[in-house]
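**Student:** coordinates only, sequence not included:
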């Protein structure tokens, strides 16, 4: 039996904005198994990014529990959360979020260096990851010298660099044309087939329908619509 | 990770080259001030030591003007403004004063003190010097020719020779008198008169500039016998005493003062100046000047340091999104803090290196200017210790003043930072 990798129990997130509160997430309870391919779909302001940030350990819930590999991360310190982000999670953002002063290899290398990987090993691995996403001719190019699709592939290489078990994509094709978007999705699907859990937040139904599990979120309420 | 961080910091400095350069310039100016002033001060100390240390076995004795009856005398300054051992306080009448000279007995008493190597005697006064139908008042110094050899030596001559025993109506003139006092420059064997007495120039001293013997430039040296002929006075009013052991110089000076004052029946009449006392006093003054100037230079450094903080705060705000990305990919608070601290420290360190070079150049230029002005060689001394000190100060300033911006960057929430546009 495949064990649960991510489990949420009555997870809530409330933002206080001056004189009123916004309930961004209202008691989400679900579980994601190791190797799952999950889409979270919702309109703008539905709470999908909030959920992604919580699962990505970038933010902490107001109440409830979030277990990653049976560890309740909702009460961990900043340092421990950083450790989990480094070891277990890989992020892919809509706007790629590469560091402009660094070239492709250095961007991929950076997270490995934060994880304490030796510089030479990190360089070699970064190059391998870039080659695996088809960027062997773009290794020393800076983000400004790359197309959107290429930048996103660098971001995927970066997300994979520390060999995390969970890949989180926040609208990973949102800024790309259809052809480039498709290329990215194929890479993510390949990654999933290699055994990694892939969770994608999107508002694009065609992208969402490629996943095996499909969560919709509306007004902070999460519902699983189908599992293929 | 340190190399990566420094490399990353360097890239960020290059990315914001204008802002970084201005901040570096600020630090450079602060460090330049500290290095230059420190170098000048050390050079000044070295120049004083070079000038005075060879005379640390020397005591200068001089008599001071006194009145014969009633009142209290003003002692006036000695030829060397050092610390005096025994300050004259003579009861006197205001209408008449004179220099009471040293006697043969005084000289013998001093010579008998254990540890005294030699006593050189001098007579000092003024005379009208006539040359080429022109007249000028000059300072004259009468001494035994042997004393001239011992105290001044051949190496002090620009041209000609020193006086020899038995010679009469021969003189050695100071550089300024020979070259600047009259329309025509004086040469060896030229004839002059001192108070109407004819003299032949046998030697001309080298230019002393601002050194200990600077008064030589404006003096004429003659024999004691000729001094008496020129001035009608044979009073000995200056003694230069050499001692065997430098460590005993103060004790010998005190003993000599006591004996001479006893001989003349005064309590506190003759004064002595030792090089140790002069050195102590000069070093104290240099230390005060150095402290004040370093304080001024430090103000420039503090202003520049605020510039670093300002730049780093701006950088943190501009790179908020980047900080968010780094946190998302696993950077800890310490990683982020270290990155920004490194950047501040690197900027300051580069400023320190540039400041060090500029400080050295600045100090050398000032020294060259001062050397030409005072006529004595004066070299800035920038020791390895002051180099290490300057670079350490630069590094420390960078770390201290980028601490707050770095802490602010490290404490940012990853979600808020990523959302920042």
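**Tutor:** Happy to help now that I have it. None of the values given here were measured: they were computed from a predicted structure. Residues are numbered from 1 along each chain as shown, chains lettered A, B, ... in the order given.
**Student:** which ones are touching the residue of the stretch 51-200 of chain B found nearest chain A?
**Tutor:** In the stretch 51-200 of chain B, no residue comes nearer to chain A than residue B:53, which is 55.0 Å away by Cβ to the nearest Cβ. Every residue, glycine included, has its C-beta placed from N, CA and C. Counting by Cβ atoms under 8 Å, 6 or more residues apart in numbering or on different chains, residue B:53 makes contact with B:275, B:279.
**Student:** quick one, phi/psi of it?
**Tutor:** phi -60, psi -40 (degrees, to the nearest 10).
**Student:** is residue A:66 in a helix, a strand, or coil?
**Tutor:** Classification of residue A:66 using DSSP: H, G, I helix; E, B strand; the rest coil returns strand.
**Student:** check residue B:121 too.
**Tutor:** strand.
**Student:** show me the helices in the chain, by range?
**Tutor:** By default, I'm working from chain A. A:48-55, A:78-87, A:104-114, A:119-132, A:148-160, A:178-193, A:205-208 (DSSP state H).
**Student:** nope, chain B please
**Tutor:** With DSSP H as the criterion, chain B has helices spanning B:2-15, B:17-52, B:104-112, B:145-151, B:175-180, B:224-231, B:249-264, B:275-318, B:320-328, B:333-374, B:384-410, B:414-419.
**Student:** could you check the angle the second one makes with helix B:384-410?
**Tutor:** What it means is helix B:17-52. 150 degrees (axes from the mean of the first three to the mean of the last three Cα atoms, to 10 degrees).
**Student:** report the angle between the axes of helix B:17-52 and helix B:2-15?
**Tutor:** Using the same axes, to 10 degrees: helix B:17-52 against helix B:2-15 is 110 degrees.
**Student:** if I look at residue A:42, how far off is chain B?
**Tutor:** Between residue A:42 and chain B the distance is 17 Å, computed by Cβ to the nearest Cβ, to the nearest Å.
**Student:** tally up the residues packed near that residue, please.
**Tutor:** Counted with other Cβ atoms under 10 Å in any protein chain shown, the neighbours of residue A:42 add up to 22.
**Student:** ditto for the one 10 residues further on
**Tutor:** Residue A:52 is surrounded by 21 other residues when neighbours are defined as other Cβ under 10 Å.
**Student:** please apply the same query to the one 4 residues further on.
**Tutor:** For residue A:56, the neighbour count with other Cβ under 10 Å is 23.
**Student:** repeat for the one 5 residues further on
**Tutor:** Neighbour count for residue A:61, taken as other Cβ under 10 Å: 22.
**Student:** which of the helices of chain B sits closest to residue A:147?
**Tutor:** Residue A:147 lies closest, by Cβ to Cβ, to one member of those: helix B:320-328, at 19.5 Å.
**Student:** is any part of that closest one close to chain A?
**Tutor:** Yes. Interface with chain A: helix B:320-328 contributes B:321-322, B:325-328 (Cβ under 8 Å from any Cβ of the partner chain).
**Student:** what residues are up against the nearest residue to residue B:191 once chain neighbours are set aside?
**Tutor:** The shortest distance from residue B:191 to any non-neighbouring residue, by Cβ to Cβ, 6 or more residues apart in numbering or on different chains, is to residue B:200 (5.9 Å). Counting by Cβ under 8 Å, 6+ apart, residue B:200 touches B:169-171, B:189-192.
**Student:** and those residues, which are buried?
**Tutor:** Buried subset of the contacts of residue B:200 (neighbour count, 16 or more other Cβ atoms under 10 Å in any protein chain shown): B:169-171, B:190, B:192.
**Student:** quick one: contacts for residue A:97?
**Tutor:** A:91, A:155, B:321, B:325, B:328, B:418.
**Student:** can you list the residues of the stretch 1-150 of chain B near chain A?
**Tutor:** Residues of the stretch 1-150 of chain B lying near chain A (Cβ under 8 Å from any Cβ): B:1, B:3-4, B:8, B:11-12, B:15.
**Student:** which non-adjacent residue is nearest the residue of chain A found nearest chain B?
**Tutor:** Going by Cβ to the nearest Cβ, chain B is nearest to residue A:86 of chain A, at 3.0 Å. Among residues not flanking residue A:86 along the chain, residue B:330 sits closest, at 3.0 Å (Cβ to Cβ, 6+ apart).
**Student:** is the one you found in contact with residue A:114, as I believe?
**Tutor:** Yes. Between residue B:330 and residue A:114 a contact is recorded at 4.5 Å, counting by Cβ atoms under 8 Å.
**Student:** need the residues touching each of the two.
**Tutor:** Going by Cβ under 8 Å, 6+ apart, residues that sit against residue B:330 and also against residue A:114 are residue A:86.
**Student:** so which of these two has more stuff around it?
**Tutor:** residue B:330 (28 against 25).
**Student:** now for the more buried one: which residues touch it?
**Tutor:** Contacts of residue B:330 by Cβ under 8 Å, 6+ apart are A:82-83, A:85-87, A:111, A:114-115, A:162.
**Student:** give the buried residues for stretch B:382-390.
**Tutor:** Buried residues in stretch B:382-390 (16+ other Cβ under 10 Å): B:382, B:386-387, B:390.
**Student:** any idea which of these is closest to chain A?
**Tutor:** residue B:390 (29.7 Å).
**Student:** residue B:105 against residue B:263, yeah?
**Tutor:** Yes. In this structure, residue B:105 is within contact of residue B:263 by Cβ under 8 Å, at 5.7 Å.
**Student:** looking only at neighbour counts, state which of the two leads.
**Tutor:** Counted by other Cβ under 10 Å, residue B:105 and residue B:263 do not tie: residue B:263 has more neighbours, with 16 against 12.
**Student:** check contacts around residue A:175.
**Tutor:** Contacts of residue A:175 (Cβ under 8 Å, 6+ apart): A:94-96, A:148, A:152.
**Student:** what's the most distant pair in those residues?
**Tutor:** Going by Cβ to Cβ, the pair spanning the contacts of residue A:175 furthest: A:94 and A:148, at 10.4 Å.
**Student:** contacting residues for residue A:55?
**Tutor:** Contacts of residue A:55 by Cβ under 8 Å, 6+ apart are A:6, A:8, A:66, A:68, A:166, A:168, A:199.
**Student:** okay, those residues in JSON lines with distance to residue B:233 next?
**Tutor:** Output for the contacts of residue A:55, formatted as JSON lines (distance: Cβ to Cβ, whole Å):
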{"residue": "A:6", "distance to residue B:233": "111"}
{"residue": "A:8", "distance to residue B:233": "113"}
{"residue": "A:66", "distance to residue B:233": "108"}
{"residue": "A:68", "distance to residue B:233": "107"}
{"residue": "A:166", "distance to residue B:233": "108"}
{"residue": "A:168", "distance to residue B:233": "106"}
{"residue": "A:199", "distance to residue B:233": "111"}
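**Student:** surely residue B:9 is in contact with residue B:346?
**Tutor:** Yes. Contact criterion Cβ under 8 Å: residue B:9 and residue B:346 qualify, at 4.8 Å.
**Student:** so what are the domain limits for chain B?
**Tutor:** What automatic domain parsing lists as the domains of chain B is B:2-52+B:280-419, B:55-274.
**Student:** with mean pLDDT as extra columns, can I get the ones you listed in a markdown table?
**Tutor:** As requested, those are arranged in a markdown table below (pLDDT from 0 to 100):
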| stretch | mean pLDDT |
| --- | --- |
| domain B:2-52+B:280-419 | 90 |
| domain B:55-274 | 80 |
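**Student:** which bits of the stretch 301-421 of chain B sit near chain A?
**Tutor:** So the stretch 301-421 of chain B meets chain A at B:321-322, B:325-333, B:335, B:413-415, B:418 (Cβ under 8 Å from any Cβ).
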